[in-house]
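# sequence first, then the predicted structure, then my questions.
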Amino acid sequence: MRSFRTEIENPIVERDILELDRKIREFKEGKVDEEKFRSLRLARGVYGQRQQGVQMVRIKLPYGKVTAHQLRRIADVADEYSTGRLHITTRQDIQIHYVDLERTPELWAELERDQVTLREACGNTVRNVTASETAGIDPEEPFDVSPYAQAVFEYFLRNPVGQEMGRKFKVSFSASDRDTGLSYMHDLGFIAKLQQGERGFKVMLGGGLGSQPRHADTLYEFLPADKIIPLMEGVIRVFDRYGERKSRAKARMKFLLKDLGLQGFKTLLEEEQTALPHRNYPIDAAAYPAVKEPSREAPLVEIQDEEGFELWKKTNLVTQKQPGYVAIGIKVMLGDFYTDKARQLADLVEQYAGGEIRLSLRQNILLPYVPENSLPFFYEELRKLGFAEAGYNKALDITACPGTDTCNLGIASSTGIAAELERVIRSEYPHYTANPDVVIKISGCMNACGQHNMAHIGFQGMSVRTPDKKVAPALQVLLGGGNLGNGRGRFADKVIKVPSKRGPAALRLILDDYEAHGKGASYDDYYAEKGQLYFYEFLKPLSDTDNLVAEDFIDWGNEERYEQAIGVGECAGVVIDLVATLLFESEEKLEHSAQSLQAGKWAASVFYSYSAMVNAAKALLTSENTKTNTHASIIKDFDSCFIESGKLELGGSFEQLVLQINKNTPSGEFAEAYLQQAEAFIEKAKAYREVELTEA
């Protein structure tokens, strides 16, 4: 096996990286199944790319906070292992593309030298914890949510309860009732609240986007801050046991909520309380690192473009609650910037601001703790970097996923049409540069990575067939979405599908009508008054495919004729149903259980033992061609198929055995006994399988 120096002080992290390296070797040697390997690398932030032979690596950055040191480290890694381009995602991560799979362990090790991880950035895991980029500086916030987002990140990183769920799990924190963390579209969303001086959160549950967006339910109007981690663990345990695992289309939390209803979910949540290792989990917000004062005073400069400077101040400055400071918003076109600019930005904030940046949910950068008297200097320095374009978080600032540039699931170009729409707004509607009232978002497919279905004006990549069966790139136009605040949002209506090259014409018609008939109302009120059918009627002529010309068959940003080519999506990971692989995984889980028991981590040991038994039961059910959609159904079906039929003898039901997990408080005594019972069950399962193969 190839070896390399990790130089990682944390032995857990080092073991994780070496394990990825070992699995890559085994995969290359044909010793690990391709689908199983995919699941493993996704949980390590390594994602298959549209282009063969290279990977996208997602860097997990909790609530978008990046220190100057970390930004330099990320830039060094992107230069060494990738192309030097950094892509900011709508979940405050950074992605780098075109990475050689065999070099990913080294890449990861380099990042960890500045406490930057890839772990659980993809796959069926707890994804990056997002938050309002203004957390800690927002004048409207009751308190800084950053310490709470950090605590959630740390608690669930490598936590066994969140490693192999049926689908990904997304959580957000909003600094204030403006809900800029978008709680209503998350699996679990927290909005900061104060109640009689006590810190806590409004809790939203079961939201999501995708092809079937769902507005989250209010789980609690107020939950004390020391309850949020126990609550989240309980929610994940219910999702893990009862969530769909077979059909990706039905495997998100929102579908489980839809099936169970909020009260049904609460009942299952209550059943998990005994199993939780903590009833309360106090978070020491006071211990959260304070922002450093600027180390240098900015020099005096002469503004070269007074008009540009004044427009920039109008559109790109964010009020900060700390006296004497302001935050600067940087509009990052399509979320893409390069390592040379990243290093200069790191130097700038380290010397003249608070030493950190925040990545935003709109793929931008926020520089907090900039002294107000330094604004002329910052404007001139950012202008040199190409980072002083006006329009931060305004209508001109369009959000778009990578689409067909690199993503396997992309159907049509999102970056190409985004660039064209920004050009149209900049040249034909310059007054929208400072307009915060219209949000435009674009996704290359229905999965909504560009969050198109919660925008005022959204576009979704599709394809369209002409009467003579030719295929052209198209856009679904969606209108009327928006964030209403305090956990309330509106999802956009699907209005009409038009060929992609008519996207700019659609935008012109919408904006022209708004200006002609909006009567000074907000865009939200204007759309609510007019309604979906109104827009369908005046956009309908654009949908005609009888008169397409050659140009319509070439997507934005491309030169060749459009060809619909959708790869295998990896956002959800993959479930492996090979019996031998499942039994082998059960043995690995028993090893993890024993290690956790030895380390005194009772709850982790118990969960690994539980997972091992369910996994083994799934293996035997798979050999019987029985559906294994959820953990709950596996437990039930195993009893009917193997215990009640007399094929296996356990001295009781499998349900009684395995569901001791939520009937007992985690303790050393219970963890040890439960592990022994799990080991005995796995041995029986293996013996049964051996006999079955002998008789086959």
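Noted; the coordinates are in hand.

# where does the stretch 401-550 of the chain dip in pLDDT?
405-406, 408-410 (pLDDT under 70).

# strands of that one, residue ranges please.
440-443, 457-465, 471-479, 482-485, 488-490, 493-499 (DSSP state E, counting those that start in this stretch).

# ends of stretch 480-491, how far apart?
By Cα to Cα, to the nearest Å, the extent of stretch 480-491 from end to end equals 7 Å.

# sorry, back to before: tell me which of the strands of the stretch 401-550 of the chain sits most buried.
Highest mean neighbour count of the strands of the stretch 401-550 of the chain: strand 440-443, a mean of 29 (counted as mean count of other Cβ atoms under 10 Å). Every C-beta, even on glycine, is put in place using the N, C-alpha and C of the backbone.

# okay, the strands of the stretch 401-550 of the chain in JSON lines with distance to Gln344 next?
Below are the strands of the stretch 401-550 of the chain laid out as JSON lines (distance: least, Cβ to Cβ, whole Å):
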{"stretch": "strand 440-443", "distance to Gln344": "29"}
{"stretch": "strand 457-465", "distance to Gln344": "33"}
{"stretch": "strand 471-479", "distance to Gln344": "36"}
{"stretch": "strand 482-485", "distance to Gln344": "33"}
{"stretch": "strand 488-490", "distance to Gln344": "37"}
{"stretch": "strand 493-499", "distance to Gln344": "41"}
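
# out of these, flag the one nearest Val606.
The minimum distance between Val606 and these falls on strand 488-490, with 37.7 Å, by Cβ to Cβ.

# pull up the pairing partners for the closest one, direction included.
Strand pairing for strand 488-490, determined by DSSP bridges: strand 482-485 (antiparallel).

# stretch 422-436: how far from the chain's middle?
Its chain's C-alpha centre and that of stretch 422-436 lie 29 Å apart, by Cα atoms, centre = their mean, to the nearest Å.

# rewinding a little: and of the strands of the stretch 401-550 of the chain, who's closest to Thr274?
It's strand 488-490; of the strands of the stretch 401-550 of the chain, that one is closest to Thr274 (Cβ to Cβ) at 34.4 Å.

# contacts for that closest one, please.
179, 182, 184-185, 215, 454, 480-484, 524 (Cβ atoms under 8 Å, 6 or more residues apart in numbering).

# rerun at 10 Å
177, 179, 182-185, 204, 207, 213, 215-216, 218, 454, 456, 480-484, 524, 527-528 (Cβ atoms under 10 Å, 6 or more residues apart in numbering).

# my guess is Glu221 is in a strand, correct?
Yes: assessed by DSSP: H, G, I helix; E, B strand; the rest coil, Glu221 belongs to a strand.

# who touches Phe337 in this structure?
Phe337 touches 75, 85-88, 94, 330, 345, 365, 385-387, counting by Cβ under 10 Å, 6+ apart.

# and these, which of them are in helices?
If you go by DSSP state H, these have 75, 345, 385 in helices.

# so which of those residues comes closest to Thr626?
Nearest to Thr626 among these, with distances taken as Cβ to Cβ, is Ala75, at 51.1 Å.

# in CSV, list the contacts of Phe337 along with distance to Ala418 and neighbour count.
Output for the contacts of Phe337, formatted as CSV (distance: Cβ to Cβ, whole Å; neighbours: other Cβ atoms under 10 Å):
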residue, distance to Ala418, neighbour count
Ala75, 24, 23
Arg85, 16, 14
Leu86, 17, 25
His87, 13, 22
Ile88, 14, 23
Ile94, 19, 27
Ile330, 17, 21
Leu345, 23, 24
Ile365, 17, 25
Leu385, 21, 16
Gly386, 17, 13
Phe387, 18, 23
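
# report the rounded mean pLDDT for the biggest helix by length in the chain.
The residue-count maximum for a helix in the chain (DSSP H) belongs to helix 668-695. Computed over helix 668-695, the mean pLDDT rounds to 92.

# now for the protein, the helix or strand with the poorest mean pLDDT.
helix 34-42 (a mean of 80; mean pLDDT, DSSP states H and E).

# for that helix, packing partners?
In terms of contacts (3 or more Cβ pairs under 10 Å, 6 or more residues apart in numbering; DSSP states H and E), helix 34-42 is packed against helix 11-28, strand 46-48, strand 55-59, helix 579-598.
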